[in-house]
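J.: got a predicted structure here, sequence first:
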Amino acid sequence: MRLYTYLFNGEERVGAERGGYIYPTEFGSMLDAIRSDEIRVSYENGIAVEKAEIYAPIPVPQRDVICLGINYAKHGAEAAQYNKEAFLREQPFAIYFSKRVDRAVAPGGIIKAHSDITERLDYECELAFIIGKDALDVKREDAAEYIFGYTILNDVSARDLQTRHKQWYFGKSLDGFTPMGPCIVTADEVAFPPKLDIKSYVNGELRQSSNTDYMVFDPAHVIAELSAGMTLRAGTIVATGTPEGVGMGFDTPKFLKAGDSVVCEIEKIGRLENTVEA
Ligand code: MG
């Protein structure tokens, strides 16, 4: 299923797409849909996807998003070149950090520039997976059963804040820094582990082009490792890191400017386009 959160009869509703139309389910919230045993769709009262007002699939995450840092080797190299002190490290273990999301930015929505506190605004196209049932002590071989589905997340980052404060939390968590969407593709539609082309464009220029198969630590590793000590509740969002090609990775860094269009694309999920606040 391709599940959207969208405006239906004046209210937020979860809908399922078929043939270019979104049809309402009984659920007003994606978190309720995730926790339910079954998502039923009547395939009546459809709205064309391009005409629908679409929100981020989980507009208000219940908890901070769990993020993987430096989870593609080539992105590790470009980050270390940008700032050795902040990013150069041996990496026998996964790097985890969190990202606060006050409200996730909808497809087509605005990335806030926060130009009063940052001059180094950057994009990170990432595959995110959503936990489908509470996970504790999950074995690697069972991890796939705990994934509800996948979406695209742009881990917008203020590089100056990210590096200045050592912990990445503040520089990743500003309001309007988490575009997400356009939909959640349920796990049954994606082979595991996911091997999906992942790309980003700024003003039409291809910046990132990789495949999620190049992840250092895959979703099964992450679920097994974290759930060995912490309960991952249903609805938890995990952003799996970004490949090379972010703005700070260029010899002359290409940070985002007011009015820039940023497109994140992942095979089988779709396209998430947002504009930097002008
Ligand atoms: Mg990231």
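T.: Thanks, I have the structure now.

J.: how many neighbours does the closest residue to the ion within the chain have?
T.: The chain approaches the ion most closely through Asp155 (3.4 Å), counting by Cβ to the ion. All C-beta atoms are positioned from the backbone trio N, CA, C, and that covers glycine. Summarising burial for Asp155: neighbours were counted as other Cβ atoms under 10 Å, giving 27.

J.: Gln167 too?
T.: Should you count by other Cβ under 10 Å, Gln167 turns out to have 10 residues around it.

J.: just checking, it touches Phe97?
T.: Yes. Taking contact to mean Cβ atoms under 8 Å, the distance of 7.5 Å between Gln167 and Phe97 places them in contact.

J.: part of a strand, is Glu126?
T.: Yes. When the secondary structure is assigned by DSSP: H, G, I helix; E, B strand; the rest coil, Glu126 falls within a strand.

J.: what are the bridge partners for it, then?
T.: When bridges are taken as DSSP bridges, the partners of Glu126 come out as Leu153.

J.: stretch 169-177 near the ion at all?
T.: No. Interface with the ion: stretch 169-177 contributes nothing (Cβ under 5 Å from the ion), its closest point being 7.3 Å away.

J.: out of everything not next to it in sequence, what's closest to Ala80?
T.: In space, and not counting its chain neighbours, Ala80 is closest to Leu88: 4.0 Å by Cβ to Cβ, 6 or more residues apart in numbering.

J.: could I get the pLDDT score of the one you found?
T.: The per-residue pLDDT reported for Leu88 equals 76.

J.: could you pull out the buried residues of stretch 12-28?
T.: Glu12, Arg13, Val14, Gly15, Ala16, Glu17, Tyr21, Ile22, Tyr23, Pro24, Thr25, Phe27 (16 or more other Cβ atoms under 10 Å).

J.: thought Glu126 was touching the residue of the chain closest to the ion, still the case?
T.: Yes. The pair Asp155 and Glu126 qualifies as a contact (Cβ under 8 Å) at a distance of 5.4 Å.

J.: list residues touching both of the two?
T.: Cys67, Ala239, Thr242 (Cβ atoms under 8 Å, 6 or more residues apart in numbering).

J.: is the closest residue to Gly249 other than its chain neighbours in a helix, a strand, or coil?
T.: What sits nearest to Gly249 in space, not counting adjacent residues and going by Cβ to Cβ, 6+ apart, is Glu78, at 3.3 Å. Per three-state DSSP, the secondary structure class of Glu78 is helix.

J.: domain ranges for this protein?
T.: Under automatic domain parsing, the residue ranges defining each domain of the chain are 2-55, 65-276.

J.: distance from the longest one to the middle of the chain?
T.: What it means is domain 65-276. Relative to its parent chain, domain 65-276 has a centroid offset of 5 Å by Cα atoms, centre = their mean, to the nearest Å.

J.: select from the shared contacts of Asp155 and Glu126 the one having the most neighbours.
T.: Counting neighbours by other Cβ under 10 Å, the one among the shared contacts of Asp155 and Glu126 with the most is Thr242, which has 31 neighbours.

J.: pLDDT score for that residue?
T.: The pLDDT attached to Thr242 in the predicted structure is 98.

J.: my guess is it meets Leu127, correct?
T.: No. If you go by Cβ under 8 Å, Thr242 and Leu127 don't touch, sitting 9.2 Å apart.
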